[in-house]
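**Q** Model the structure of this input:
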Amino acid sequence: MTTTIIKGRGKGGSNQTRTPVEAPDSIQSIARAKVLIALGEGEFAGGLDGKNIFLGDSSSYTPLQNADGSYNFNNVKYEFRSGTQDQDYIQGFPGIENELQVSYELKQAVPYVRAVSNTQLSALRIRLGWPTLLLQKNNGDKVGTRVEYAIDLSVDGGLYETVVNGAVDDKTTSLYERSHRVNLPKASTGWQLRVRRITPDSTSVNIVDTMRVVAVTEIIDAKLRYVNTALLYVEFDAKQFPNGIPQVVCNPKGRIIRVPDTYDPETRTYSGTWEGVFKWAWTDNPAWIYYDIILNERFGLGQRIDATQIDRWELYRIAQYCDQQVPDGKGGSGTEPRFRCNVYIQDRNDAWTVLRDLAGIFRGMTYWGDNKMYVLADMPRDVWHIYNHASVVEGKFTFADPSETTRNTAALVNWSDPANHFKDTPEPVYDNDLAMRFDYRQLEMTAIGCTRQSEANRRGRWALLTNGIGEVVTFSTGMDVPPVGEVIGVAANELAGRTIGGRVSAVNGRNITLDRASDVKAGNRLFLNLPSGMAQARTVQAVNGSIVTVTTPYSETPEAECNWGVDSDDLTIALFRVTGTRDNNDGTFEVTGTTYNPDIYSAVDTGARLDERPISVIPPGVQAPPENIVVDSYSTVNQNIAITTMRVAWDSVQGAVAYEAEWRRDSGNWVSVPRTSSLGFEVQGVYSGRYLVRVRAVNASDVSSVWATSSEVNLTGKVGNPPKPVGLIASENVAFGIELNWGFPANTDDTLKTEIQYSLTGTEDDAMLLADVPYPQRKYQQMGLKAGQIFWYRAQLVDRTGNESGWTDWVRGQSNANADDYLGDIADDFLTSADGDRLTSDIDTNLEAALQNALANHATVEHQWAQYGEVRADILVVKTTIADVNQAMAEMSTQVQAQGTMLTSVDGKVSTVDGRVSAVDGKVDILGQTTSQQYSQVTAVLQDKLTAMVDSTGASAIHTLKVGLRINGQEYNAGMSIAALAQPGQPVVTRIGFNANQFVLMSGSGDTQYSPFAVVNGQVIIRDTVIGDGTISNAKIGNYIQSNNYVTGSVGWHINKNGNSEFNNVTVRGTIYGNDGYFNGTVRANKIEGDVCAIWTFPQMSIAGGDGRSQTLYWRGGLNYPARICIPYSAISMGVSRPDNQFRVQLTINGVVMFDETFNNTTSILRNVVGYVDVPAGAVNVPITVNVWKVQGGQPNTLYFTVNRFTVIVSPATDRFFS
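**A** Numbers count the residues shown, from 1 in each chain. A predicted model of the protein is given here:
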């Protein structure tokens, strides 16, 4: 065994080791953030300091300066520009910079590349960053490291050029950033920026040298002042915000706007009388902000609307209402302005939307009228006008309550909370009384410009209270239309339950004579509409019959026939605020208003109790239903006919002024009975059946009770239902309509009506009600149809008790399809109407008579004429206007007329003309050959006449343009008329008519003009047409249509009205359906099914030494007609068998025996078989069987026979080809 000794050596007496050394950071970056904020359109009032400038993120913000003067951030610089025209630029921003965050980790293999297309840029600033630069040596020491990089630039897609070669050779353990500015040369399309890392990426954990492209800033060098823009510049050390650039938030005073010169914005007070003059100041009064944004030309409507188009006086009242002090909701006696507007408008929007939202701050509405912008606010107003039954159309007021589903009982109002950096904060508002009445229903709304919780609460209360009392009134009146937004009084007697309105009969000082006795008492207030249109109230001092004496005279002397209304403590006039007016186009206007309660404003501002105003003395509440409904019957005899009458009665109900009742038989529909104040009703002529009655009571407020239902009662009356109408027929010869005629069967004297339905298809699917024709009328016409229109009709009778007979069968009807009838009717109607008569009548060429007639009618006449001998030319213009109690007529007629002589015939040939015409009737010298000549008296006239007339017989507007010639007393006219005619009880007719022997339409241009359409001597000629589907129907064809070369049995085609047609040399593609037919030539077909025959061969069957055999052939069948299976010939031969053998042979078709014979002789036998069997339509798998078997005796296997092949033919089972 060998022992190895391991020895070591060391330094004795020392155990010390070396401690690694870390070098200090050799570089640090100090970045300063510069933020320039455009606050808005100037000029701002400002008021910015360190206490209302904040830095932070979306979760929290910190002011630059505390209330005690100490600062929360060091080295922060800020500047403010108010946005004037001449403001200085901010020195910290000698240009426009837009920093784009990148945060790209730069690798040697993958450079950072960015395309820049904004050719207005001056330079780019590239910010690079190194989170850590560190090299750890083998001995543990930590020192710096080196990273080299380059920045390249490409211009307009060219080659890259290096513009920066940089390197960092230091140590840092915190983020170090470095920026490089790259000036941009001129470019047409842009630049490509590339940042490269030259030093290889670290692959060792001992080297940390990550490099990033932090941001790229686009720079435009310019010292911009940003005139008319309020600016805030903030600069701070970025080291204080390691997580990035913070948000800058500020709360300045906004724009300086127009305010009245009598207004102090600080104290919100008005002094003296305002004359409409403005000054410039800052305010948060929403009325003046609304006014300013309309007139501002830069961002408002100032380029379209000027100050004269705004109702500044109403805005002055609204502004004062906004500044009134109300409780601030914090307890104690603190107050605050009612409305303030702190809104920052930063989005572009529709002008009307912006104005509506701003007006909503002071509960206002905006509308445009009379070329002016009007604004109104929901605030206390005096009554503008009184309306009662005497001043509205038909004396009718319509009152309506909105649906309960629209009644909100809680509101959630979002407002901007300054204590929470103006973030939206919800303010809940709840009305317990409304919730108890309408159930819980929440409204969510945003209070625009609201920065106070108390104001948000007031807005929510106003929304709930106005929604909860929102009754709507609608009525129509004449010219005394109230302006939108005004408060009106409605003295409706039916609503009040008393006589509280009417007209004034006479006025004598303080004594007012009313047109009727009323419930006016001393101490009441009497409203009158004064001549100025305003309503005014005075306290009643005494009442003597219809004469009412007031304590103080009215400010204006009232006129007779003015409206009056009385208001008392226990019964007030219903007040409404006008929300809309609409022209009815008949001299009246429809007015709509919602309930106005002057106490609502105290309830909103102070939380005071809101009581409903007593507008009715009719007891409200739930109406009790009737009780003890009794149903029975009794019989009477009339003309030997027993008539059963149903009798219904019920007990009186307290508070009811009327009753509504319905009844039904069996399970039929409910039949309503007219509303009545009686305690029962009767129905005569009832049928046997089960009857049920229900009744409800109605009180004076038109409140109905629930239905009270009787017990079901069996009554014995007529049996069955009414009989159906008889003989229902529909016409086919009525122009533009269909006439229905029917008769009534026996025992239908109690018929109420005939109900008629019509249909396009004659089925239930599209049946529509046409008419309810009252009994005993037995004829009805449906007019206004198209020519040839087809409808199906049916009818049923309904008796007076609502029983129905059931419908008749459908009958077909058609409007007249004969063109001759229509053309004749159209012509007759046109010629007998005013426009047709004027078009076709001769033109009156007697201008002297026309002139005298015009002067007699006080018309305006313009007459210009010239005459030379018998030749005369005239232009006559007559303008006539008539307006009296009977008619209104305006007419203008222009007649251009020339008359003279004309050469109408020449005998002989004219070879040479060498003369001159010295006058119209001068001599014509013709050399070469003498001719005979004839002259005629000729008058040429053109008349253009326009007439508009309205009288008791109707209205018409007719324009005729006519030309004519009169040659030797014969008239030749052509013309056109355009007319609109209206007569009472008839449809309005609009029509254009032409009168000419030739009507020619020309198209094309230049040398290619042609006529595509013409009417010559009553015949229509069309060159080329495109006719839509269905424009030619069978009803428009006469007895036949045919080609112009048609010869029977030879050429052409022909279709007649009976449905027969002939087409020679025809080619047909598709499916053909026919009953029968004949072919003279050859018929070829690839596949024929139907009236043909099928042939098959039954195979040969033989037996040599056997005892028997059977063989069957099946015909598939399946034809839809009877078939005949025929065997024209079959041969059966028998060989020699043993004499004691006996065999039987049988042939059957579909079970029918065709051949059946027994053989027992020993000689050869031959038998022929012929016959057929008919099988019914639809038969399938029909068997054809040959069967041979041994009957008796003989040795086995001794049979010899053969059934030869035979033919089987299948054809239709018909004998019509034989006789």
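**Q** Longest helix in the chain, please.
**A** helix 453-468 (DSSP state H).
**Q** Toward the C-terminus, what is the element adjacent to it?
**A** strand 472-477 (DSSP states H and E).
**Q** counting contacts, what elements does the longest helix of the chain pack onto?
**A** Contacting helix 453-468 under the criterion 3 or more Cβ pairs under 8 Å, 6 or more residues apart in numbering; DSSP states H and E are the following elements: strand 410-417, strand 423-430, helix 432-438, strand 442-446, helix 600-606. The C-beta positions use only the backbone N, C-alpha and C, and glycine is treated the same way.
**Q** Throw these into CSV and include distance to V1203, mean neighbour count and mean pLDDT, thanks.
**A** Listed next are these as CSV, based on distance: least, Cβ to Cβ, whole Å; neighbours: other Cβ atoms under 10 Å; pLDDT from 0 to 100:
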stretch, distance to V1203, mean neighbour count, mean pLDDT
strand 410-417, 103, 20, 92
strand 423-430, 106, 15, 91
helix 432-438, 101, 14, 81
strand 442-446, 100, 15, 91
helix 600-606, 115, 18, 89
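**Q** Nearest to Q28, out of those?
**A** For Q28, the closest of those is strand 423-430, at 37.8 Å, according to Cβ to Cβ.
**Q** tell me the strands in the stretch 651-800 of the chain, going along the chain?
**A** Using DSSP state E, counting those that start in this stretch, the strands of the stretch 651-800 of the chain run over residues 656-665, 671-676, 680-684, 689-699, 708-709, 713-715, 726-730, 737-743, 751-759, 768-774, 779-783, 790-799.
**Q** beta partners for W663?
**A** Beta-bridge pairing for W663 (DSSP bridges): V671, V693.
**Q** Quick one: the strands of the stretch 651-800 of the chain as CSV, columns for mean pLDDT too.
**A** Output for these, formatted as CSV (pLDDT from 0 to 100):
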stretch, mean pLDDT
strand 656-665, 89
strand 671-676, 89
strand 680-684, 90
strand 689-699, 91
strand 708-709, 93
strand 713-715, 89
strand 726-730, 92
strand 737-743, 93
strand 751-759, 91
strand 768-774, 91
strand 779-783, 92
strand 790-799, 91
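**Q** among those, which is nearest T335?
**A** strand 689-699 (47.1 Å).
**Q** related to what we said a few turns ago, can you tell me the average pLDDT over the longest helix of the chain?
**A** Per-residue pLDDT over helix 453-468 has a mean of 89.
**Q** quick revisit: please tabulate the strands of the stretch 651-800 of the chain in CSV and include distance to Q1009 as additional columns.
**A** Putting the strands of the stretch 651-800 of the chain into CSV (distance: least, Cβ to Cβ, whole Å) gives the following:
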stretch, distance to Q1009
strand 656-665, 74
strand 671-676, 70
strand 680-684, 78
strand 689-699, 78
strand 708-709, 83
strand 713-715, 84
strand 726-730, 50
strand 737-743, 43
strand 751-759, 50
strand 768-774, 51
strand 779-783, 43
strand 790-799, 43
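**Q** could you redo those as JSON lines and give each row mean neighbour count?
**A** Below are the strands of the stretch 651-800 of the chain laid out as JSON lines (neighbours: other Cβ atoms under 10 Å):
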{"stretch": "strand 656-665", "mean neighbour count": "19"}
{"stretch": "strand 671-676", "mean neighbour count": "12"}
{"stretch": "strand 680-684", "mean neighbour count": "17"}
{"stretch": "strand 689-699", "mean neighbour count": "21"}
{"stretch": "strand 708-709", "mean neighbour count": "16"}
{"stretch": "strand 713-715", "mean neighbour count": "15"}
{"stretch": "strand 726-730", "mean neighbour count": "17"}
{"stretch": "strand 737-743", "mean neighbour count": "18"}
{"stretch": "strand 751-759", "mean neighbour count": "20"}
{"stretch": "strand 768-774", "mean neighbour count": "13"}
{"stretch": "strand 779-783", "mean neighbour count": "15"}
{"stretch": "strand 790-799", "mean neighbour count": "21"}
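**Q** and I1072, which of these is closest to it?
**A** strand 790-799 (26.8 Å).
**Q** after the closest one, next one along is what?
**A** Taking DSSP H and E, what comes next after strand 790-799 is strand 811-814.
**Q** can you confirm I318 is in a helix?
**A** Yes: judged by DSSP: H, G, I helix; E, B strand; the rest coil, I318 forms part of a helix.
**Q** ok, it - contacts?
**A** A287, F362, G364, V375, A377, M379 (Cβ atoms under 8 Å, 6 or more residues apart in numbering).
**Q** among these, who's most crowded?
**A** A287 (29 neighbours; other Cβ atoms under 10 Å).
**Q** Number of residues surrounding the residue nearest to that one when sequence neighbours are not counted?
**A** Spatially, and ignoring its direct neighbours in sequence, A287 is nearest to A319 (3.7 Å; Cβ to Cβ, 6 or more residues apart in numbering). Counted by other Cβ under 10 Å, the residues lying close to A319 total 26.
**Q** for A319, what are its contacts?
**A** So A319 contacts P260, Y263, N285, A287, W288 (Cβ under 8 Å, 6+ apart).
**Q** measure it to G802 for me?
**A** For A319, the distance to G802 equals 66 Å [Cβ to Cβ, to the nearest Å].
**Q** By mean pLDDT, point me to the weakest helix or strand of the protein.
**A** strand 926-927 (a mean of 32; mean pLDDT, DSSP states H and E).
**Q** any chance of the contacts of I318 in CSV, plus pLDDT and distance to A150?
**A** Below are those laid out as CSV (pLDDT from 0 to 100; distance: Cβ to Cβ, whole Å):
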residue, pLDDT, distance to A150
A287, 95, 64
F362, 93, 64
G364, 91, 65
V375, 91, 66
A377, 92, 69
M379, 91, 73
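**Q** Pipe these into CSV and attach distance to F1143 and secondary structure per row.
**A** Shown next, in CSV, are these (distance: Cβ to Cβ, whole Å; DSSP: H, G, I helix; E, B strand; the rest coil):
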residue, distance to F1143, secondary structure
A287, 128, helix
F362, 124, coil
G364, 121, strand
V375, 123, strand
A377, 124, strand
M379, 127, coil
